[in-house]
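Engineer: after the sequence you'll find the predicted model.
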Amino acid sequence: MRLGIYSGLASTWASLATAMLSATQNDATITLVNDRLTAVFSKSQGRVVDLYLDGQDLLGPQSGSTGIGPYLDCYCIPSGFYTAGASNPLMELVQGTDSSGTKYAGVIMNDTYVPTGQQFQQYWFLRDGETGLHMFSRLAYYNESTPVLRNLQEFRTLFRPNTELWTHLTSSDVQTAPLPGRDAIAHEVVVQDATWRFNNTPSDAYYTQFAEYFTKYTFSNQWRDNDVHGIYADGSTSNGSTYGAWLVMNTKDTYYGGPLHSDLTVDGIVYNYLVSNHHGEGTPNITHGFDRTFGPQFYLFNGGKKPGSLEQLRAEARSLASPGWNVDFYDSIAKHVIGYVPSSKRGSVQGTVKLPRDAANAIAILTADGEYFQDNSVKASAHQYWAEIGSKGQFTVKHVREGKYRLTVYADGVFGDYVRDGIVVNAGKMTAIKDTWVAESAGIEVWRLGTPDKSSGEFRRGATRDPTHPLHPPEYLIYWGAYNWQSDFPHGVDYTIGKSDPAIDFGTVHWSVFGPTPDSPNIEYNTTNDWKVRFPLTAKQLQRRKKATLTIQLAGVKTASGNTDVYNPEETYNNLLLESYINQNQEPLTMIIGFNQSSSCIVRSAVSCYQVSSRMEFPTEWLKVGENLLTLRLPYNATDTETAILPGTVYVQYDALRLELA
């Protein structure tokens, strides 16, 4: 229940419930109200401090950094974290009528972090008839005396309630669960950084329905698949009325990393991670002249007078997740938002790409010209777009900022990507593309292991659904330490092409070292670093073949640099060597994974992170008729120093492998 001191605000909301949109302010607050939603902003704190839908308090009482939001913070000042508005925020109220005749009001928070001169702006807009806040966030840095400040490691907005109202969290159909209860949280056991075990409260709903372990990374998603996430109130703590609080990603062009970027979504807090290095994502450097406006995205609050199930309220939110939604409104408010690109400066791309045979789930991506799409943060001003490709190779990308782009196409079932630079998009124009993707090939494919789909999820402890809980989350989402290497692979990995089952006999992670885990103090490194792949060859297959090519695609790698992309000279494995030995040949095929290609992937509940690949040639004399042996070798007992409670081992996660002969 809301504390009594806030009853006056509820009364104010009730008196305005039938009024048009209203915006008022006094020395302490700015209040935006329409017929259903009320948002109160603290001028001294630069953030939302009260939020009501149909009279229901959505935030609860303020306590420290809870009971507030949406608000902006970052990991971007020299010492690390900073909450925008913590210095001396200036709050500006703007009002107007958009091109449709609908009234709107907005609050603009301006804050400068004085020691560096970093400028922060957060924008919130409320329209008449809508129950949500349109959000833009800006960071600018102009400082010639310190031209290189640091990286923009995190930049995010948060809706952070402090109330018993909310009962569930969700980021997809398979990532939906009850929120852990107070008793479970009070008796949780830390097993890893930001990871807890609820074995002391086995009757808790999260434990019984979803998993024994909880980590915010369980609910992370890739941006290709993530349009909406949030929290839900099932009515058990709100007199039967249901509510939803959602982050709607109606635009994705100001994020970085393309569709493979994965990030935190919800853990009781509803996040909008505009920038982060989670899962090894690239981050831009804050240098003199950096000036970036992120957004728009939309925090939607629904239910109340229009209740629904979790699925119904989430579907309502998802229906708004389109860059075409509210474009005219955004054009109307562009005069208030520094750095927003209106539709008058955007064009479109329409294309057809003839796909290789067996290509599935294909996607077309537009990112920074000349750069790998996962690295587009190296151009801090870059925008990004993507579209699913139809069965005949057709795709359309709308609302594209004018400029020059790289086109990348990838698809499940096909090794490699299609890449074309120099795609020019002009404002108000449609750029036409007609291309043919010829899949990379080094001869006749003899075998492949896994499906090239940018993921290691098809292997053991990957995407297989957990059979022990009724909600059956994919196993990789839960926590790597919930499983036992010695039980899964007591003699290590020994896989035979054509006979073994990849979902059972090949692991989703190739560890150098495994353990310890909550249930076992053992540390295993004698059966982990060498993996064996056996494959037969006939005389006919080898006849007149001179060259063999081994292709390895990795869905993620963790070197000693972790997620930081920082080379530490005190560490041995900043750059990691994955060696492939063919039969008894003593000369390895060596794949070098650089320190800036590292990602904390499986230990952060992911099977698809920063992609790395290599095609390695060798003479067919290394092969023989009959059974052949490929040994995949990581350094023995290879670890690094971790500053958080995380496994120190290096590891790789295979997307797919194949052998070709020519």
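Structural biologist: Arrived safely.

Engineer: so in terms of bridging, what pairs with the spatially most central residue of the chain?
Structural biologist: Centroid-nearest residue in the chain: residue 262, 1.9 Å away (criterion: C-alpha atoms, centre = their mean). In this entry, residue 262 is beta-bridged to residue 222, by DSSP bridges.

Engineer: from residue 452, how far off is it?
Structural biologist: 18 Å (C-beta to C-beta, to the nearest Å). The way it works is simple: take the backbone N, C-alpha and C, and place the C-beta from them, glycine included.

Engineer: wait, what's in contact with the residue nearest to the centre of the chain?
Structural biologist: Under the criterion of C-beta atoms under 8 Å, 6 or more residues apart in numbering, the neighbours of residue 262 are 220, 221, 222, 223, 278, 279, 281, 606, 608, 609.

Engineer: looking at the residues you listed, which one is closest to residue 503?
Structural biologist: residue 608 (16.7 Å; C-beta to C-beta).

Engineer: residues contacting the closest residue to the closest one other than its chain neighbours?
Structural biologist: Spatial nearest neighbour of residue 608, chain neighbours left out: residue 455 (4.2 Å); criterion: C-beta to C-beta, 6 or more residues apart in numbering. Residues near residue 455 by C-beta under 8 Å, 6+ apart: 462, 463, 555, 607, 608, 655.

Engineer: show the pLDDT at the fifth one.
Structural biologist: Residue 608 carries a pLDDT value of 99.

Engineer: please report how far it lies from residue 218.
Structural biologist: Remark: distance between residue 608 and residue 218 (C-beta to C-beta) = 15 Å.

Engineer: now the helices: where do they sit in the stretch 501-650 of the chain?
Structural biologist: Counting by DSSP state H, counting those that start in this stretch, the stretch 501-650 of the chain has helices at residues 502-505, 539-542.

Engineer: who does the first one touch, helix- and strand-wise?
Structural biologist: The helices and strands touching helix 502-505, judged by 3 or more C-beta pairs under 8 Å, 6 or more residues apart in numbering; DSSP states H and E, are strand 494-496.

Engineer: check the offset of stretch 468-485 from the chain's centre.
Structural biologist: Put simply, stretch 468-485 sits 20 Å off its chain's centre (C-alpha atoms, centre = their mean, to the nearest Å).

Engineer: export it as PDB, just CAs?
Structural biologist: The C-alpha trace of stretch 468-485 is given here as PDB (Å, rounded to 0.1, in the frame of the first residue of the first chain):
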ATOM      1  CA  THR A 468      12.800 -30.300 -14.000                       C
ATOM      2  CA  HIS A 469      10.600 -27.100 -13.800                       C
ATOM      3  CA  PRO A 470       7.100 -26.600 -15.200                       C
ATOM      4  CA  LEU A 471       8.000 -23.500 -17.200                       C
ATOM      5  CA  HIS A 472      10.900 -25.300 -18.800                       C
ATOM      6  CA  PRO A 473      13.400 -22.500 -19.500                       C
ATOM      7  CA  PRO A 474      16.300 -23.300 -21.900                       C
ATOM      8  CA  GLU A 475      19.100 -24.800 -19.900                       C
ATOM      9  CA  TYR A 476      21.800 -22.300 -20.800                       C
ATOM     10  CA  LEU A 477      19.700 -19.400 -19.400                       C
ATOM     11  CA  ILE A 478      19.700 -20.800 -15.900                       C
ATOM     12  CA  TYR A 479      23.300 -20.900 -14.700                       C
ATOM     13  CA  TRP A 480      26.300 -22.800 -16.000                       C
ATOM     14  CA  GLY A 481      27.100 -24.100 -12.500                       C
ATOM     15  CA  ALA A 482      23.800 -25.900 -12.200                       C
ATOM     16  CA  TYR A 483      25.400 -28.700 -14.300                       C
ATOM     17  CA  ASN A 484      28.200 -31.100 -13.800                       C
ATOM     18  CA  TRP A 485      30.900 -31.600 -16.400                       C
END
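
Engineer: average pLDDT for that stretch?
Structural biologist: Average pLDDT, stretch 468-485: 98.

Engineer: also stretch 405-421?
Structural biologist: For stretch 405-421, mean pLDDT rounds to 99.

Engineer: what comes up buried for that stretch?
Structural biologist: Buried residues in stretch 405-421, defined by neighbour count with 16 or more other C-beta atoms under 10 Å: 405-411, 413-418.

Engineer: next: stretch 607-627.
Structural biologist: Buried residues in stretch 607-627 (16+ other C-beta under 10 Å): 607-616, 618, 620, 623.

Engineer: same deal with stretch 357-375?
Structural biologist: Across stretch 357-375, burial judged by 16+ other C-beta under 10 Å covers 359, 362-369, 371-375.

Engineer: same deal with stretch 275-290?
Structural biologist: Residues of stretch 275-290 classed as buried by neighbour count (16+ other C-beta under 10 Å): 275, 276, 277, 278, 279, 280, 281, 282, 283, 284, 286, 290.

Engineer: how far does that stretch sit from the chain's center?
Structural biologist: Stretch 275-290 sits 14 Å away from the centroid of its parent chain (C-alpha atoms, centre = their mean).

Engineer: residue 194 contacts residue 219, doesn't it?
Structural biologist: No: look at residue 194 against residue 219 with C-beta atoms under 8 Å: they stay out of range, at 11.9 Å.

Engineer: neighbour count for the two, which is higher?
Structural biologist: Using other C-beta atoms under 10 Å as the criterion, residue 194 and residue 219 rank with residue 219 on top: 25 against 15.

Engineer: surely the more buried one touches residue 263?
Structural biologist: No: counting by C-beta under 8 Å, residue 219 sits too far from residue 263 to count as a contact (10.3 Å).

Engineer: per-residue confidence for residue 17?
Structural biologist: On the pLDDT scale, residue 17 gets 41.

Engineer: output the helices of the stretch 501-650 of the chain in a markdown table; the columns should cover mean pLDDT and mean neighbour count.
Structural biologist: Shown next, in a markdown table, are those (pLDDT from 0 to 100; neighbours: other C-beta atoms under 10 Å):
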| stretch | mean pLDDT | mean neighbour count |
| --- | --- | --- |
| helix 502-505 | 98 | 15 |
| helix 539-542 | 98 | 12 |
